[in-house]
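# Need coordinates for the following:
(4 chains)
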2 protein chains.
Amino acid sequence: MATTLQGQADVRLWNRVIALHARVEQRLGTVLQRQHGLGLSEYRALALLAEAPDGELRMQDLATGLGLNQSSVTRLVGRLNDAGFGYRDLCPDDRRGVYTVITDAGRERYLQARPAYEEVLTTTLDEAEEAAEVLAGARQSA
Amino acid sequence: MATTLQGQADVRLWNRVIALHARVEQRLGTVLQRQHGLGLSEYRALALLAEAPDGELRMQDLATGLGLNQSSVTRLVGRLNDAGFGYRDLCPDDRRGVYTVITDAGRERYLQARPAYEEVLTTTLDEAEEAAEVLAGARQSA
DNA sequence: CAAGTAGTTGTATGTATATGCAAGTTCTTT
DNA sequence: AAAGAACTTGCATATACATACAACTACTTG
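Predicted coordinates:
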């Protein structure tokens, strides 16, 4: 129950991960929203779908792939639907299952947004020299 | 505007950071909430306050320290207030400023929760062998 | 074998909440 | 007096948790 040395080292390490994560995600979100009208989760869902075979995934797979709740994915896919970036399709062999399929418009928007995403990411990681340190991981060495 | 090699490498790296972040934060949040009745942001705010000189910080400093918005901090501090873990105090030299001061109850709850926080963190990082990889940072080497 | 029953899995919906953005208020500084 | 800073408040929204429902699976019982 006492706080261990390893524990405290992990806390410090994790604090830096959190800070880096917050900064990067915030910037990515802002740029995607302002320049491409896409939320971060929506962008990532499109990315997963675009790279999936036949451009379709089941809700569950999207959920785990995005690190989101199943209910969150239901709503996320709803938004993609409303925006015309995807549509639902029934699973023929398991009628409980639902596929989300990316549309051409979805693919197009994804491809339009991708360069901005990558650029912001690279820039921000470069900028945070700390990133090198953090990712260099002082963990095992503690 | 094209997607660069560095860009794609960064995307893959970042995807792993995101996944690790989601897993760790989710577990930390669950344990703190269930076992200690504390949200993750509240716990971290208490941690910052507990370690600050005189146990007090200005809203701004809390905001940047937590990676949160000013408005979010206003409400977060409101919750700490309601829970009896902190209170507001006016800044004598700049009457726009507001200090949030941690109470004894706040310190106590923080100290109670800390071992769980550290243990979950260490366990989850250990568990994710991937973490070693991720934190080993394949960034510059790409 | 057919039909019913129990338990599990895949999604969707109701509801609560934490967060962000934009605008407003009070104080400071130049 | 004007500009800016620190905080608060109104509002919108994305997310999580609990719950509900439909479909599938495995047994049991007639």
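# A:P92 should be in a strand, yeah?
No - secondary structure of A:P92 (DSSP: H, G, I helix; E, B strand; the rest coil): coil, not part of a strand.
# What count of nearby residues applies to it?
Other residues near A:P92 number 8, with proximity taken as other Cβ atoms under 10 Å in any protein chain shown. C-beta coordinates here come from the backbone N, C-alpha and C atoms, glycine included.
# and if you look at A:V101?
For A:V101, the count of nearby residues is 16 (other Cβ under 10 Å).
# Then A:L40?
Neighbouring residues of A:L40 were enumerated by other Cβ under 10 Å; the total is 18.
# excluding its backbone neighbours, what's nearest it?
Nearest residue to A:L40 in three dimensions, chain neighbours excluded: A:G29, at 4.5 Å (Cβ to Cβ, 6 or more residues apart in numbering or on different chains).
# that's a helix at A:R96, yeah?
No - under three-state DSSP, A:R96 sits outside any helix and is assigned coil.
# List phi and psi for it.
Backbone dihedrals for A:R96, given as degrees, to the nearest 10, come out at phi -80, psi -30.
# Relative to A:G67, how far out is the residue most central in space within chain A?
In chain A, the centroid-proximal residue (Cα atoms, centre = their mean) is A:R44; its distance is 4.4 Å. Separation of A:R44 from A:G67 (Cβ to Cβ, to the nearest Å): 9 Å.
# Check A:M59 too.
14 Å.
# what's the answer for A:G106, then?
Separation of A:G106 from A:G67 (Cβ to Cβ) stands at 20 Å.
# Between the two, which has more neighbouring residues?
Legend: neighbour count by other Cβ under 10 Å for A:G106 and A:G67, higher for A:G106 (23 against 18).
# Give me the local confidence score for A:Q33.
Here, the pLDDT recorded for A:Q33 equals 93.
# One more: A:A142?
Confidence score, pLDDT, at A:A142: 40.
# try A:L135
On the pLDDT scale, A:L135 is placed at 57.
# The lengthiest helix in chain A versus helix B:5-36: what angle between them?
Counting residues, the longest helix found in chain A (DSSP state H) is helix A:5-36. Relative orientation of helix A:5-36 and helix B:5-36, computed by axes from the mean of the first three to the mean of the last three Cα atoms, to 10 degrees: 120 degrees.
# Who are the packing partners of helix A:5-36?
Here helix A:5-36 is seen to pack against helix A:40-51, helix A:104-127, helix A:129-136, helix B:5-36, helix B:104-127 when contacts are counted using 3 or more Cβ pairs under 8 Å, 6 or more residues apart in numbering or on different chains; DSSP states H and E.
# do the fourth one and DNA strand C meet at all?
Right, helix B:5-36. No - for helix B:5-36, no contact with DNA strand C is found by Cβ under 7 Å from any atom of the strand; the gap never falls below 9.5 Å.
# Now that helix: buried residues?
B:6-7, B:9-11, B:13-21, B:23-25, B:28-29, B:31-32, B:36 (16 or more other Cβ atoms under 10 Å in any protein chain shown).
# show me the contacts for A:Y87.
Neighbouring residues of A:Y87 by Cβ atoms under 8 Å, 6 or more residues apart in numbering or on different chains: A:81, A:100-101, A:103.
# Repeat the analysis, applying 6 Å as the threshold.
Contact analysis of A:Y87 by Cβ atoms under 6 Å, 6 or more residues apart in numbering or on different chains lists A:81, A:101.
# my read is it is in a helix, agree?
No - according to three-state DSSP, A:Y87 belongs to no helix; its state is strand.
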